[in-house]
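Asks: next input, structure requested:
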Amino acid sequence: MTSKFTELAIDCADPEGLAGFWCLVLGYVVQGREEGLVTIGSPQVPEGKERPGPVPPTLTFARVPEGKSVKNRLHIDVNPTDTDQAGEVARLLALGARHADVGQGDDVGWVTLHDPEGNEFCVLTTRCP
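Replies: I've put the predicted structure just below:
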């Protein structure tokens with residue numbers, strides 16, 4: 001028996017704001033809201049259409065009183081789907097991301113960024129041909 005990765009829970013100060021940022025990054029939509037909690041995920045597939053590949057996990061943003069104080073031990077990696085890495089980094093910076101130095105050095109194949117609340121994530125080189 002195995003488990004399936006279905007959801008990533010992210011503690012934050014502003015669930016609505018951070019969910020909005022990640023919706024724009026990933027092309028996700030809000031799937032649910034409660035007091036202090038927002039869940040986003042891949043848009044529903046229209047009836048009669050098939051989703052290519054597996055269903056991606058949802059992200060749930062939960063308001064917590066404490067702030068981020070150290071480097072994440074878990075982070076999200078994203079891959080550009082319709083542009084190159086530099087183009088995607090520029091788009092994400094325009095959405096509110098910031099460059100991050102977590103000791104990755106200069107000779108790596110990814111770009112490390114912070115989301116609006118300081119959580120690290122990486123932009124990998126494109127997997128598109």
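
Asks: wasn't Leu74 part of a strand?
Replies: No. Counting by DSSP: H, G, I helix; E, B strand; the rest coil, Leu74 falls outside a strand, being coil.

Asks: count of neighbours near it?
Replies: Counted with other Cβ atoms under 10 Å, the neighbours of Leu74 add up to 8. Using the backbone N, CA and C atoms, a C-beta is placed for each residue, glycine as well.

Asks: kindly report the same for Asn79.
Replies: Neighbourhood size, Asn79 [other Cβ under 10 Å]: 14.

Asks: then the one 4 residues further on?
Replies: Applying the criterion other Cβ under 10 Å, we find 13 residues in the vicinity of Thr83.

Asks: how would you label Gly20: helix, strand or coil?
Replies: Under three-state DSSP, the three-state class of Gly20 is helix.

Asks: give me the three-state assignment for the residue lying closest to Ala97 once chain neighbours are set aside.
Replies: Leaving aside its sequence neighbours, Ala97 sits nearest to Leu113 (Cβ to Cβ, 6 or more residues apart in numbering; 4.3 Å). What three-state DSSP gives for Leu113 is strand.

Asks: and Leu113, how far is that from Asp11?
Replies: 19 Å (Cβ to Cβ, to the nearest Å).

Asks: Phe121 too?
Replies: For Phe121, the distance to Asp11 equals 15 Å [Cβ to Cβ].

Asks: the two: which is more packed in?
Replies: Counted by other Cβ under 10 Å, Phe121 and Asp11 do not tie: Phe121 has more neighbours, with 20 against 17.

Asks: wait, that one sits on Val78?
Replies: Yes. Phe121 is within contact range of Val78, at 6.5 Å (criterion: Cβ atoms under 8 Å).
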